[in-house]
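**Student:** have a look at this prediction, sequence included:
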2 protein chains.
Amino acid sequence: MGHDWKESLRVPGHRLTPQRLAVLEAIREAGCHCTLAEIQERLKPQHPTLTLPTVYRNLRYLVNAGLAAQTDLGGGCHVYEFVADKHHHHLVCLKCRTVIDLPDSFLDPLRNALRDRYGFTPCMEHFALFGVCPSCEKKASERSSDVCLGSDG
Amino acid sequence: MGHDWKESLRVPGHRLTPQRLAVLEAIREAGCHCTLAEIQERLKPQHPTLTLPTVYRNLRYLVNAGLAAQTDLGGGCHVYEFVADKHHHHLVCLKCRTVIDLPDSFLDPLRNALRDRYGFTPCMEHFALFGVCPSCEKKASERSSDVCLGSDG
DNA sequence: TTGGATGCAAAGATTTTGCAGTTTT
DNA sequence: AAAACTGCAAAATCTTTGCATCCAA
């Protein structure tokens, strides 16, 4: 039952405040990528006074500390998630915004290849991949002539 | 000498304006990922009246049309690039922000695995991977005790 | 006690929208 | 002529910052 990650926040020169812990717990309990709005929603009951700047500052802190990951899933804002021992990743459908979780082991071949070839050590907790999900792929192939230019304005 | 991509913008219900073409040419000539500021800089001499909303609208249009790709490289704003026949990808160093280009073929194994296992068709032109570059990795290992908690505020 | 963290308010930055007028088709 | 697009201005978001106060160590 090791709550070791708490201890990793007890670093000389830094302080483990209730707010900081609350933000960590929020994304940990969420168990998946969450937006600022979702994090605030989660914090409201127990910590109604916790402010937006504080959440942002603590998220940045946690990302630097390696306990959280920040990702852009294309929704117009960043999403954050707790970095557990078991990483997982995201396949994001560009059409319907469905997110498929991808187990970490799936990326091992890529990881090794990057290290061998480029000496690059990827931070795979920051990993999101965009594309088309099976369901939308199927829909698209049914409509044989699909011009795909969105309207603007 | 095929300027075929221009023709792909001549779609019924859409119009090929000088501005739209200019934005396309800007990212095409840039040859790499560029920010809004960089795009505007490039457009200024030839198209001094081109406005920010127009650039944004056309970039969104081009992304939908499959001629441009939007990526978050962690710099606080999106970067855009022309989607040529030869895709390439980015290894972004989280420490020094260096960007290493990765040839498309490098991702074929992953691509195939995703398709086989999940039926997911990745849009690999949207690909960016964060991590630590060889140079920073070396620096880090030289300083054996490196607590890596950034300060905030 | 000390200086790191919070809360508040305000600002900064990126990106979007409404609308009248212009331009492509 | 019709409707898509532009330019302008303003707004909507997301995110950061300054500063006085508070609190963990």
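**Tutor:** Cool, the structure landed.
**Student:** A:Phe106 belongs to a strand?
**Tutor:** No: A:Phe106: not assigned to a strand; according to DSSP: H, G, I helix; E, B strand; the rest coil it is helix.
**Student:** pLDDT below threshold where in chain A?
**Tutor:** A:1-4, A:85-87, A:125-126, A:141-153 (pLDDT under 70).
**Student:** show me where it has helices.
**Tutor:** A:4-7, A:18-30, A:36-43, A:52-65, A:108-118, A:134-142 (DSSP state H).
**Student:** B:Leu110: which of those helices is closest?
**Tutor:** helix A:108-118 (5.1 Å; CB to CB). In this view, the C-beta of every residue, glycine as well, is placed from N, C-alpha and C.
**Student:** so how far is that closest one off the chain centroid?
**Tutor:** Chain-centre distance of helix A:108-118: 22 Å, with CA atoms, centre = their mean, to the nearest Å.
**Student:** returning to what we had before: okay, the helices of chain A in JSON lines with distance to DNA strand C next?
**Tutor:** What follows is the helices of chain A, written out as JSON lines (distance: least, CB to the nearest atom of the strand, whole Å):
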{"stretch": "helix A:4-7", "distance to DNA strand C": "14"}
{"stretch": "helix A:18-30", "distance to DNA strand C": "3"}
{"stretch": "helix A:36-43", "distance to DNA strand C": "10"}
{"stretch": "helix A:52-65", "distance to DNA strand C": "4"}
{"stretch": "helix A:108-118", "distance to DNA strand C": "27"}
{"stretch": "helix A:134-142", "distance to DNA strand C": "21"}
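**Student:** state the number of residues packed around A:Ala128.
**Tutor:** Residue neighbour count, defined by other CB atoms under 10 Å in any protein chain shown, stands at 22 for A:Ala128.
**Student:** show me the contacts for it.
**Tutor:** A:71-73, A:89-90, A:92 (CB atoms under 8 Å, 6 or more residues apart in numbering or on different chains).
**Student:** out of the residues you listed, which two sit at the greatest distance?
**Tutor:** Pairwise distances across the contacts of A:Ala128 (CB to CB) peak at 13.5 Å, for the pair A:Asp72 and A:His89.
**Student:** wait, isn't A:Gly74 in contact with A:Val92?
**Tutor:** Yes: contact between A:Gly74 and A:Val92 holds when scored by CB atoms under 8 Å: they sit 6.2 Å apart.
**Student:** what is in contact with the two at once?
**Tutor:** Residues touching both A:Gly74 and A:Val92 by CB under 8 Å, 6+ apart: A:Phe130.
**Student:** compare those two (neighbour count), which wins?
**Tutor:** Neighbour count, other CB under 10 Å: between A:Gly74 and A:Val92, A:Val92 has more, with 24 against 17.
**Student:** correct me, but that one touches A:Gly75?
**Tutor:** No: look at A:Val92 against A:Gly75 with CB under 8 Å: they stay out of range, at 9.0 Å.
**Student:** so chain A: which segments form each domain?
**Tutor:** According to automatic domain parsing, chain A comprises the domains A:1-85, A:87-135.
**Student:** can stretch A:76-96 be found next to DNA strand D?
**Tutor:** Yes: judged by CB under 7 Å from any atom of the strand, stretch A:76-96 comes into contact with DNA strand D at A:76-78.
**Student:** got the CA positions of that stretch in CSV?
**Tutor:** Output in CSV follows, covering the C-alpha atoms of stretch A:76-96 (Å, rounded to 0.1, in the frame of the first residue of the first chain):
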residue,chain,number,x,y,z
GLY,A,76,-8.5,23.3,-27.1
CYS,A,77,-6.9,22.9,-23.7
HIS,A,78,-4.3,20.6,-22.1
VAL,A,79,-5.2,17.5,-20.3
TYR,A,80,-3.4,16.2,-17.3
GLU,A,81,-3.1,12.7,-15.8
PHE,A,82,-1.4,11.0,-13.0
VAL,A,83,1.8,9.2,-14.0
ALA,A,84,1.5,5.8,-12.5
ASP,A,85,4.0,3.0,-12.7
LYS,A,86,2.0,1.6,-15.6
HIS,A,87,1.9,4.2,-18.3
HIS,A,88,-0.7,4.1,-21.0
HIS,A,89,-1.3,6.2,-24.1
HIS,A,90,-4.0,7.6,-26.2
LEU,A,91,-5.3,7.0,-29.7
VAL,A,92,-7.5,10.0,-30.4
CYS,A,93,-10.1,9.8,-33.2
LEU,A,94,-10.0,13.0,-35.2
LYS,A,95,-13.6,12.6,-36.4
CYS,A,96,-15.5,11.6,-33.2
